[in-house]
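Student: Curious how this folds, go ahead:
(one chain, ligands or ions: 1)
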Amino acid sequence: MQKKVKTTIEECDEVASKLAIDGGTPVRTEALPLEFPGVHHMGVEEVEAATRVVGSRSMFRYYGVALQREVEAFESEFAHFLGVQHVVAVSSGTAALNVALGALGVGPGQEVIVPAYMWVSVAAAVINRGAIPVLADIDDTFGIDPRSLEERISSKTTGIIVVHMSGAAADIEAIRAVADRRKLFLLEDCAQCIGGTVNGRRVGSFGDMGVFSFQMNKNMTAGEGGAVVTNNRRLYDRAFACHDLGYARNDAGRLIMNDPELCLWGQGCRLDEIRASVLRVQLAKLPQIVGSMHRSKYRIREAIKSLRGIGLRRVVDEAGDTSPFLITTYRDSETAQKVNRALRAEGIVTYPQGITNILMTEWGFHLYYNIVSLVQRTSVDQAGFPWNLIENAGLRAEYAKGTCPVADSLFERSILLAIPSSLTEHDEGDIIRALKKVHQSLIAR
Ligand SMILES: Cc1ncc(COP(=O)(O)O)c(C=O)c1O
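Tutor: Reported below is the predicted structural model:
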């Protein structure tokens with residue numbers, strides 16, 4: 001009799017732990033919520049803000065029949081939030097990169113160091129200015145490795161673009177030290193880390209300049225939008241001119257054409273009043289948005305941190321992690337693939353609408369070797385700009401897989417799990433249960 005009961009319990013355990021991929025019961029069947037952190041917290045406040053601007057019939061930032069000065073207010077509120085002196089709001093993060101590099105005077109004959117883990121816009125901004133991006137490898141923070149950075153500096157290097165990826169900061173203090181020692185400009189791309197901090201200081205305030213994106217996947221959003229930030233008045237003036245028509249403007253919003261320092265070429269990427277009004281509301285909600293992702297992510301990290309065989313990304317300052325993604329790393333690519341497939345079968349998925357739970361190798365234009373136009377060094381003109389410019393002869397334009405071996409290995413062995421800002425405790429519990437179940441069957445044995 002006793003024997004029979006014991007067998008039944010064992011059988012129950014076996015059924016409960018049998019992986020869904022092997023015919024067991026999945027941990028959940030309902031799709032996880034989509035990512036898009038700011039979107040989950042959008043409500044009547046954003047609607048009222050946008051409606052107010054449309055009602056004013058003054059959607060242009062510089063003048064109108066009843067100008068609301070939303071862009072100006074957003075710039076000053078964002079500057080205050082970051083603890084920086086100047087902000088220029090622009091129409092996208094890509095525009096912000098272009099404007100910042102224009103302000104910094106990047107052009108042909110210069111090498112600018114970019115990380116192996118980034119976004120296509122980072123390389124594109126350098127190339128569009130006629131300069132050459134040089135890849136630096138990453139470390140276990142998934143940001144630039146300060147040692148690789150140092151090694152890749154040449155006599156042609158003028159600056160570094162550090163990219164705070166997947167919600168958490170790179171080793172920014174060490175990178176700042178390299179930039180200072182080697183007298184290079186430091187531009188921080190904070191598109192994926194809005195509101196992040198390191199030792200209490202906001203990302204975007206460490207560099208000579210910082211850039212942000214408010215596109216829909218970011219921690220706060222107006223669908224599209226961006227910002228360039230700096231503490232340097234000259235860089236601000238240049239960025240301001242570059243984002244507009246190439247000139248400064250007076251208090252009435254009219255162009256000033258007799259300033260010899262600010263007689264430049266504009267990029268036409270001003271932000272409009274409607275999106276600025278939405279961004280002001282989202283900025284006020286940012287602590288709440290980031291707070292919810294942080295709570296979810298660190299509950300999951302805490303629950304899995306002792307599972308041998310599941311590595312966690314090193315986070316430079318956990319308190320300052322904005323947390324839209326959890327990155328886990330495995331001993332080899334085969335294990336990562338198996339775990340990924342098994343987790344998806346357990347219902348840890350939003351696909352096809354979202355990107356929850358993917359192998360990092362599937363993370364598109366975030367990986368240098370996936371950026372086809374970079375690897376193939378394509379040009380928009382017939383002359384091969386910027387690769388064939390005489391000023392760029394001999395500069396190191398190497399982008400094939402293998403250029404950054406640490407990144408190559410991390411990408412192949414890692415899984416990216418989105419942490420939506422609307423995860424419930426129940427969702428978090430399911431993610432933890434699925435990770436433990438898959439670990440038990442595929443790794444611990
Ligand atoms: C790191 C990084 N930089 C720049 C950008 C470009 O921002 P946007 O899409 O607003 O042009 C993105 C957007 O995805 C990004 O992730």
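Student: how about the residues of the stretch 1-150 of the chain that lie near the ligand?
Tutor: 92-94, 119, 121-122 (C-beta under 6 Å from any ligand atom). Every C-beta, even on glycine, is put in place using the N, C-alpha and C of the backbone.
Student: Just the residues you listed: which are in helices?
Tutor: Using DSSP state H, 93-94, 121-122 are the members of these that sit in helices.
Student: a markdown table for these, including pLDDT?
Tutor: Putting these into a markdown table (pLDDT from 0 to 100) gives the following:
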| residue | pLDDT |
| --- | --- |
| G93 | 98 |
| T94 | 98 |
| S121 | 98 |
| V122 | 98 |
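Student: now, the most widely separated pair of the residues of the stretch 1-150 of the chain next to the ligand?
Tutor: S92 and V122 (13.1 Å; C-beta to C-beta).
Student: Which of the two has more residues huddled nearby?
Tutor: The neighbour comparison of S92 against V122 (other C-beta atoms under 10 Å) goes to V122, with 28 against 19.
Student: Find the nearest non-adjacent residue to the more buried one, please.
Tutor: Closest residue to V122 apart from its sequence neighbours, by C-beta to C-beta, 6 or more residues apart in numbering: V114 at 5.2 Å.
Student: show me the contacts for that neighbour.
Tutor: Contacts for V114 (C-beta atoms under 8 Å, 6 or more residues apart in numbering) come out as 122-123, 126, 133-136, 161, 163.
Student: Check the gap between it and the ligand for me.
Tutor: Separation of V114 from the ligand (C-beta to the nearest ligand atom, to the nearest Å): 10 Å.
Student: so when I look at that residue, I'm seeing a strand, right?
Tutor: Yes - using DSSP: H, G, I helix; E, B strand; the rest coil, the assignment for V114 is a strand.
Student: pLDDT wise, what is it at?
Tutor: Listed pLDDT for V114 reads 98.
Student: Surely W387 is in contact with R377?
Tutor: Yes - under the criterion of C-beta atoms under 8 Å, W387 makes contact with R377 at 4.9 Å.
Student: Identify the contacts common to those two.
Tutor: With C-beta under 8 Å, 6+ apart, W387 and R377 have common neighbours A397.
Student: Of the residues of the stretch 1-150 of the chain next to the ligand, which is the nearest to the ligand?
Tutor: Nearest to the ligand among those is G93, at 2.4 Å by C-beta to the nearest ligand atom.
Student: wait, isn't that closest one in contact with S121?
Tutor: Yes - taking contacts as C-beta under 8 Å, G93 lies within contact range of S121: 6.4 Å.
Student: Comparing these two, which residue is more hemmed in?
Tutor: G93 (27 against 23).
Student: nearest spatial neighbour of that one, skipping sequence neighbours?
Tutor: S213 (2.5 Å).
Student: Report how many residues lie close to that neighbour.
Tutor: 27.
Student: beta partners of it?
Tutor: On the basis of DSSP bridges, S213 is bridged to G226.
Student: show me the contacts for it.
Tutor: Neighbour list for S213: 92-94, 96, 191-192, 225-226 [criterion: C-beta under 8 Å, 6+ apart].
Student: In stretch 27-45, which residues are buried?
Tutor: Using 16 or more other C-beta atoms under 10 Å as the test for burial, stretch 27-45 gives 27-28, 32-42.
Student: Run the chain-centre distance for it.
Tutor: Chain-centre distance of stretch 27-45: 19 Å, with C-alpha atoms, centre = their mean, to the nearest Å.
Student: Any idea how far apart the tips of that stretch sit?
Tutor: Across stretch 27-45, the terminal residues are separated by 37 Å (C-alpha to C-alpha, to the nearest Å).
Student: can you list contacts of it?
Tutor: Stretch 27-45 is contacted by residues 20, 214, 216-221, 281-282, 285, 288-290, 293, 324, 346-350, 353-356, 418, 420-423, 427, 430-431, 433-434, 437 when judged by C-beta under 8 Å, 6+ apart.
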